[in-house]
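Undergrad: pasting a predicted model and its sequence here:
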Amino acid sequence: MASEAIVPQQKNNEVKPKNIIADGRNRRVLQDIGNFVKERGAQGKKPITKGVANVAQSVKGGGGAVTKEVATQRKVVDKVDKDKPKPETLIVMSSDEKTRKTGHVSRREGSSRKEVKTLTSILSARRKAACGLTNKPKDSIEDIDGADVGNELAVAEYVDDIYKFYKFSEDEGQARDYMDLQPDINAKMRSILVDWLIEVHCKFDLMPETLYLTMNIVDRFLSVKVVPRKELQLVGISAMLIACKYEEIWAPKVNDFVFISDNAYAREQVLVMEKAILDKLEWYLTVPTAYVFLVRFIKASILSDDKMEDLVFFLAELGLMQYPTVVLYCPSMLAAAAVYAARCTLDKSPHWSETLKHHTGYTEDQLTNCAKLLVKFHSTAAESKLKAIHRKFSSPDRSAVALLSPAKSLLPNHGELF
């Protein structure tokens, strides 16, 4: 009778122990998702075997059929536990308080942080890939901007794109052949004007950018406006006034230009000409002159010193004073030819490197004709009546580069003229 009171009702050969704890009472409080191996055992439903054991204890000594059935169920449960796959060790995705206490995750397993690349290195890698530098030998093209990566003013991440845009837009800011449109002006008068403007530039101690922008404004204005001979000097000082306002921090006053021109023009005339120039050029003053290319190409000329730099500017200003070089060659080619002629004059080896070819975009053969013109101007500068440039670069402050012998490899043979 005792066994009948203890044994529960059976349905479909299934035994339901009385003291099985409800699943809801055995659940943990909801926390961050964790997958520790030890915690899985605590959350599993083990009361099944425990309940079977209680039933077996309660029927000890009574009811052989019940004991046999309980033993059969225990074998089944043990077989299920034995065949149950072992939990895999997973990486913990959370870092709650329990995780920190148990410390199951090692530092190596928990640290999934990778080395982060800086924005500068990423942009530099993209720039090199876009330019094709990654497919070229490392020794052929040197990275001239590597030392300026930390310098914000050098904008090493964008400098190549900037100069690509300069080369793309330089044709828009270059003056065309205009001497046929000027009945009262010729190339010699222009050279005289440039010679005088270089003296004014030195007198006011202006920036080199100002000189190149001044001549760009003069040439572009003369290409769209007929100017009488008596107003050519007025165009020159008005163009320099505009360039000073654009480039200089402390621009000279209008009266300074009137005084330095020996009062040949009144103040009102200078202001009227300034407005006329700006109107004809439609205020388009942001143009790539030869100076911006000179700075870049000198930097690409590896191991360049002060003497090399002064010689490049000497040859470039000689070309700036001559009308044929200004209208025949774009600013970037004039700058590249000045660097090439300077390297030939100083006998730099090689005369033209892969680095210069890459950054200038010109080969040695493309620069030969323009470089020969610059060397010819160098050879005749001492005997020329226009001596402003020769005096400027004969001083020790300019390394006296005007006194150097011209490049023999670029001089014409047997008195041949260009």
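TA: Thanks, I have the structure now. Residues are numbered from 1 along each chain as shown.
Undergrad: Asn255 touches Tyr265, doesn't it?
TA: No - assessed by Cβ atoms under 8 Å, Asn255 is found out of contact with Tyr265, at 11.3 Å. Any C-beta I mention is one placed from the backbone N, CA and C, and that applies to glycine too.
Undergrad: what's the closest non-adjacent residue to Ile389?
TA: The shortest distance from Ile389 to any non-neighbouring residue, by Cβ to Cβ, 6 or more residues apart in numbering, is to Glu317 (5.1 Å).
Undergrad: let me redo that: Ser405
TA: Excluding the flanking residues, the one nearest Ser405 by Cβ to Cβ, 6+ apart is Thr345, at 7.5 Å.
Undergrad: same question, Asp148
TA: Ala154 (3.6 Å).
Undergrad: could I get the pLDDT score of Ser139?
TA: Small correction: residue 139 is Asp, not Ser. Asp139 is assigned a predicted lDDT (pLDDT) of 47.
Undergrad: what does the one 3 residues further on give?
TA: Here the pLDDT value assigned to Glu142 is 84.
Undergrad: what helix or strand is the residue nearest to Ala407 when sequence neighbours are not counted on?
TA: Leaving aside its chain neighbours, Ala407 sits nearest to Cys344 (3.8 Å; criterion: Cβ to Cβ, 6+ apart). In the assignment (DSSP states H and E), Cys344 maps to helix 331-345.
Undergrad: packing partners for that helix?
TA: Of the remaining helices and strands, those touching helix 331-345 by 3 or more Cβ pairs under 8 Å, 6 or more residues apart in numbering; DSSP states H and E are helix 290-300, helix 306-321, helix 354-360, helix 364-380.
Undergrad: mean neighbour count, those: which tops it?
TA: helix 306-321 (a mean of 23; mean count of other Cβ atoms under 10 Å).
Undergrad: how about TSV for the helices and strands packed on helix 331-345, with mean pLDDT and distance to Glu274 added?
TA: Listed next are the helices and strands packed on helix 331-345 as TSV, based on pLDDT from 0 to 100; distance: least, Cβ to Cβ, whole Å:
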stretch	mean pLDDT	distance to Glu274
helix 290-300	94	22
helix 306-321	95	22
helix 354-360	91	35
helix 364-380	94	31
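Undergrad: any chance of those in TSV, plus distance to Ser169?
TA: Formatted as TSV, those follow (distance: least, Cβ to Cβ, whole Å):
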stretch	distance to Ser169
helix 290-300	11
helix 306-321	20
helix 354-360	17
helix 364-380	20
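Undergrad: and Cys202, which of the ones you listed is closest to it?
TA: Between Cys202 and those, the shortest separation by Cβ to Cβ is 11.1 Å, and it involves helix 306-321.
Undergrad: for Tyr265, what are its contacts?
TA: By Cβ atoms under 8 Å, 6 or more residues apart in numbering, the contact list for Tyr265 reads 233-234, 237, 258.
Undergrad: same thing but at 7 Å, please
TA: Residues counted as contacts of Tyr265 (Cβ atoms under 7 Å, 6 or more residues apart in numbering) are 234, 258.
Undergrad: can you tell me the SS state at it?
TA: coil (DSSP: H, G, I helix; E, B strand; the rest coil).
Undergrad: could you measure from it over to Ser384?
TA: Distance, Tyr265 to Ser384, using Cβ to Cβ, to the nearest Å: 27 Å.
Undergrad: kindly report the same for Tyr284.
TA: Taking Cβ to Cβ, one finds Tyr284 at 33 Å from Ser384.
Undergrad: quick one: which of these two has more around it?
TA: Ser384 (15 against 12; other Cβ atoms under 10 Å).
Undergrad: what ranges do the helices span in the stretch 101-250 of the chain?
TA: With helices called from DSSP state H, counting those that start in this stretch, the stretch 101-250 of the chain shows them at 107-110, 119-131, 159-169, 187-203, 208-222, 232-247.
Undergrad: and those helices: which comes nearest Lys376?
TA: helix 187-203 (14.3 Å).
Undergrad: show me which positions of the closest one end up buried.
TA: Across helix 187-203, burial judged by 16 or more other Cβ atoms under 10 Å covers 189-201.
Undergrad: Leu334: which of those is nearest?
TA: Relative to Leu334, the closest of the buried residues of helix 187-203 is Val194; by Cβ to Cβ it sits at 14.1 Å.
Undergrad: export stretch 167-183 as PDB, just CAs?
TA: Extracted in PDB, the C-alpha atoms of stretch 167-183 (Å, rounded to 0.1, in the frame of the first residue of the first chain):
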ATOM      1  CA  LYS A 167      49.600  71.500 -64.600                       C
ATOM      2  CA  PHE A 168      46.100  71.000 -65.700                       C
ATOM      3  CA  SER A 169      45.100  74.700 -65.400                       C
ATOM      4  CA  GLU A 170      48.400  76.400 -66.300                       C
ATOM      5  CA  ASP A 171      47.300  76.800 -70.000                       C
ATOM      6  CA  GLU A 172      44.400  79.000 -68.900                       C
ATOM      7  CA  GLY A 173      46.700  81.500 -67.100                       C
ATOM      8  CA  GLN A 174      49.400  81.600 -69.800                       C
ATOM      9  CA  ALA A 175      49.700  84.500 -72.200                       C
ATOM     10  CA  ARG A 176      49.600  83.900 -75.900                       C
ATOM     11  CA  ASP A 177      51.700  85.500 -78.700                       C
ATOM     12  CA  TYR A 178      50.500  89.100 -78.700                       C
ATOM     13  CA  MET A 179      53.200  91.100 -80.300                       C
ATOM     14  CA  ASP A 180      51.300  91.100 -83.600                       C
ATOM     15  CA  LEU A 181      48.400  92.800 -81.800                       C
ATOM     16  CA  GLN A 182      50.600  95.600 -80.400                       C
ATOM     17  CA  PRO A 183      51.500  98.100 -83.100                       C
END
